Each structure stands twice: as structure tokens, then as C-alpha cells.
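Undergrad: Have a look at this fold, sequence not included:
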Ligand code: ATP
Ligand code: MG
């Protein structure tokens, strides 16, 4: 029934750490979405796309069961579901179309701060609480460590204090949550980002064409996010040194300045932003009026 309609179905997290960035990505790709608060399905007005807003845990399954065509989800959730399905002999097929530039985090093991920890063998015989039992089990097996895994869907970080576990294995980005709970990070077992995935056996011609239209836009948005437009004035005598300082600037545009023969304007699309240190070096070489501007879209 889901495949009868030819509209492309994209699953995204309804509310949580990935939803704002996922929505922003779709918007930058030109999708006009009418997201009324409590709706499960949002129709894209200007393309044959429906957006399904669900819990992030459901997204890998929706793709692997072929119920949705595309989805954005954290690799941690995707890999966990994939390992679980392989164990259960369920379908676990999908294709990663793109690793995205948001949702960065790591899955780490943490122990109480006062505990001494040398290496993974210190976990032998311990109880570890986690929301990601399959990823943790894979790591422990690789390390040859026997530990008991307790699966908790939430509040993993309070498990040691509550006497439910000796250690935890949880997602970390800054480490502030661990700190606030008297825990220290001792092993990183998995690094994750948000990914755009596609179901296997997608063969509808119109849908494939739509995906082929979306991908260059996604690439363009991501490239633009990383790039900056840099403008500055430079003394002609220092041109070479100044251009060498600009990151990823193969073919800068050099323009004369009206009424000043000693200076030129340099315009360049840079593959990354300028650090303050580089700007200070440029200034020391005689550059002035240095501007670093964001780029909204890009097609090369
Ligand atoms: P849902 O209600 O959809 O199930 P959730 O509570 O399971 O949401 P979130 O906390 O919103 O999930 O996190 C979604 C994803 O964001 C994570 O699976 C992970 O890939 C990513 N993420 C990035 N940084 C962090 C972080 N510091 N802690 C947890 N997840 C993070
Ligand atoms: Mg979830």
C-alpha cells in the first residue's frame, strides 16, 4: 500500500536533535514543507514528496522494510538496528546516499570518576547500562571482554548512581552530561553522524529521477556550508604570499581598485573559513578590509 502512491516518502525525526537540521536541509534544497505541529505526514507543495515525521528509532526499520524511500537518521541508531535485524534474520538492507554534516556524536563507555581505569579489561565481569546493546556487544567481543549488558531506553547516565550498573555506554557530544553525573569517558566505541539512507529496490522511474535531482542540491548545500566567500585588499607586491595563505584558493579573482595602483582587490571562494590567526597574518602582510561571507548555495 505504501508503494502504490508514487510520491517519494522521506522519514525524518519528528522532534529531537536531528529534526531542526533535517528540516533546514530540506528547506535549503527547495522543498516547500507545510509542517503543522501534530501531523505525521507533511506534503511537500512543490514536489512529489511526502515527509513522515517519526521517532528516530523507527527510521531504519521503515527503510529496511521498504515502507519509506529515504530517511535521515544517526548512524548509531542505523547500525544498532542493522545488527539486531541480522541477529533476528530480518531484512536489514539499505543504501547510504550521503553522510551529512550534522548529528555528530560518539558512543562511549564511561565509569564513575573516582574509579581507576587502565583499559577495556577493567570492564571484565562488570555490568554496563546502554541503549545500544548490539553495538556494545560487538565492541566487547572485539576486545575479548565478558560483561553484562543492561538495556535502558533512557536515563542511562543515572544507572551507576542508582546501583543498576557499574558503567554506562552512551552518546556523548560535549561530555557535560557525563560530568554532571560524576562519570568519566574511558572508551570511544563508535563515531556517528546523521546519514541520508535509501531503501533497496527502489525502481520507480519518477522517484529515481527526483532523487537524482535532490542529490546535487544536497551536495551543493553541504559544500556551501563549508565554503566562504573571502574579499580583501592586498598590496600588489605581496600578492603571492597573501594568496598562499587563503585556504583552497586556486583561482582567485584579482580586481584593480579605482584610484589606487598599489592595491588590488582579491575575491575568492574558499573551501573553509578563515581563522583569526590567518587574518592576522594577512593583515601583517599589508592586507586590509578583509571580509569573510557565508555562501548560501553553490553549483560547480
Ligand atoms: P526520539 O524521540 O526521536 O526517539 P531520541 O531521544 O531517541 O529521539 P535524540 O536525543 O533527539 O534522540 O538524538 C537523536 C540522534 O542525535 C542520536 O541518535 C544521535 O545520532 C544524535 N546526537 C548528536 N549529538 C547527540 C548527543 N549529545 N546525545 C545524544 N544524541 C546525539
Ligand atoms: Mg530515539
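TA: Cool, got the structure. Every value quoted in this text rests on a predicted model; they were computed, and no experiment measured them. Ligands and ions are numbered 1, 2, ... in the order given.
Undergrad: For the rest of this, base every contact and every neighbour count on C-alpha atoms.
TA: Fine.
Undergrad: what does the chain put close to ligand 2?
TA: 56-57 (C-alpha under 5 Å from the ion).
Undergrad: repeat that with 6 Å
TA: Within reach of ligand 2 by C-alpha under 6 Å from the ion, the chain has these residues: 55-57.
Undergrad: Inside strands: which ones of the residues you listed?
TA: Among these, DSSP state E puts none in strands.
Undergrad: Of those residues - the most surrounded one?
TA: Of all the residues of the chain next to ligand 2, the highest neighbour tally under other C-alpha atoms under 10 Å goes to residue 56, namely 23 neighbours.
Undergrad: What is the neighbour count of the closest residue to that residue other than its chain neighbours?
TA: Of all residues not flanking residue 56 in the chain, residue 13 sits nearest, at 5.0 Å (C-alpha to C-alpha, 6 or more residues apart in numbering). Other residues lying near residue 13 total 24 when counted by other C-alpha under 10 Å.
Undergrad: pretty sure residue 13 contacts residue 41?
TA: No: if you go by C-alpha atoms under 8 Å, residue 13 and residue 41 don't touch, sitting 11.8 Å apart.
Undergrad: Common neighbours of these two, please.
TA: Shared contacts of residue 13 and residue 41 (C-alpha atoms under 8 Å, 6 or more residues apart in numbering): residue 53.
Undergrad: What's the nearest residue in the stretch 201-300 of the chain when you look at ligand 1?
TA: Per C-alpha to the nearest ligand atom, residue 222 is where the stretch 201-300 of the chain lies closest to ligand 1, at 17.9 Å.
Undergrad: Which of the three states applies to that residue?
TA: At residue 222, secondary structure determined by DSSP: H, G, I helix; E, B strand; the rest coil is helix.
Undergrad: Would you mind measuring from it to residue 111?
TA: According to C-alpha to C-alpha, to the nearest Å, residue 222 and residue 111 sit 37 Å apart.
Undergrad: And residue 231, by the same measure?
TA: Distance, residue 231 to residue 111, by C-alpha to C-alpha: 49 Å.
Undergrad: Have a look at those two and say which one is more surrounded.
TA: Looking at residue 231 and residue 111 with other C-alpha under 10 Å, you find the greater number of neighbours at residue 111, namely 24 against 20.
Undergrad: Chain neighbours aside, what residue packs nearest to that one?
TA: Per C-alpha to C-alpha, 6+ apart, closest to residue 111 is residue 167, 4.7 Å.
Undergrad: Close to ligand 1: what parts of the stretch 51-200 of the chain are there?
TA: 55-57, 74, 76-77, 103-105, 171-173 (C-alpha under 6 Å from any ligand atom).
Undergrad: give me the number of residues near the residue of the stretch 201-300 of the chain found nearest ligand 2?
TA: Using C-alpha to the ion, residue 218 is the residue of the stretch 201-300 of the chain that sits closest to ligand 2, at 24.5 Å. Counted with other C-alpha under 10 Å, the neighbours of residue 218 add up to 19.
Undergrad: That one and residue 25 touch, don't they?
TA: Yes: using C-alpha under 8 Å, residue 218 is in contact with residue 25, at 7.4 Å.
Undergrad: Now the helix or strand harbouring residue 62: average pLDDT?
TA: Secondary structure assignment for residue 62, by DSSP states H and E: helix 59-64. Regarding helix 59-64, the rounded mean pLDDT is 98.
Undergrad: quick one on the thing from earlier: nearest residue to the residue of the stretch 201-300 of the chain closest to ligand 1 in space, ignoring adjacent ones along the chain?
TA: Leaving out its chain neighbours, the residue that sits closest to residue 222 by C-alpha to C-alpha, 6+ apart is residue 101, at 7.2 Å.
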